[in-house]
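Colleague: Let me see the structure of the following:
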Amino acid sequence: MEARSIHHVGVAVEDLDSAVDTYERLFGGRLEHRERVEDQGVEAASLRLGGSRVELLAALGDDTPVGRFLAKRGPGMHHVAYEVDDVSAALAQLSEEGVELIDAEPRRGMFGLQVAFVHPESVHGVLSEVVSVG
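Modeller: All right, here's what the predicted structure looks like:
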């Protein structure tokens with residue numbers, strides 16, 4: 001698998017409005033998109049910072065992946081997303097390498113992207129996501 005780029009860095013936050021304001025005010029971020037992703041239990045906001053992107057994630061409840069992350073670790077870096085040409089092909093290649101996958105099949109993420117997560121134990125402690133336009 002060859003990643004084309006880092007698509008975004010995901011940051012777990014307790015207050016999405018406050019976090020969006022902070023990234024706009026301090027770093028000149030431009031809100032690109034904001035969306036509730038019910039099946040992932042988050043409300044997310046994507047901000048452009050030059051040619052890069054930060055995805056801010058607020059939990060929709062305590063018993064969601066981001067809710068549990070915040071309870072255990074507090075706000076901060078949540079994941080790194082790598083853009084690939086084909087998420088299904090990337091998952092097959094990662095599986096062949098013995099990588100522990102959280103998602104065996106792609107699912108819909110923000111922007112209608114295809115996404116899948118890779119367990120942090122397989123990537124030196126960093127939750128990783130592979131994404132493609134579809």
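Colleague: switch to C-alpha atoms for all contacts and neighbour counts from now on
Modeller: Fine.
Colleague: in the chain, what secondary structure element scores lowest on mean pLDDT?
Modeller: Least confident element among the helices and strands of the chain, by mean pLDDT, DSSP states H and E: strand 107-108 (a mean of 91).
Colleague: Who are the packing partners of it?
Modeller: Applying 3 or more CA pairs under 8 Å, 6 or more residues apart in numbering; DSSP states H and E, one finds that strand 107-108 contacts strand 114-118.
Colleague: And the strands in the protein, which stretches?
Modeller: 5-13, 30-37, 42-49, 52-59, 76-83, 107-108, 114-118, 128-132 (DSSP state E).
Colleague: picking up where we left off before, just the residues contacting the least confident helix or strand of the chain, thanks.
Modeller: By CA atoms under 8 Å, 6 or more residues apart in numbering, the residues outside strand 107-108 that reach it are 114-116.
Colleague: The residue nearest to F117 when sequence neighbours are not counted bridge partners, please.
Modeller: With sequence-adjacent residues excluded and distances taken as CA to CA, 6 or more residues apart in numbering, F117 is closest to E129, at 4.3 Å. On the basis of DSSP bridges, E129 is bridged to A81, F117.
Colleague: biggest helix in the protein, by residue count?
Modeller: For the chain, the longest helix by residue count, based on DSSP state H, is helix 16-27.
Colleague: ok, and the closest non-adjacent residue to A45?
Modeller: Per CA to CA, 6+ apart, closest to A45 is R34, 4.2 Å.
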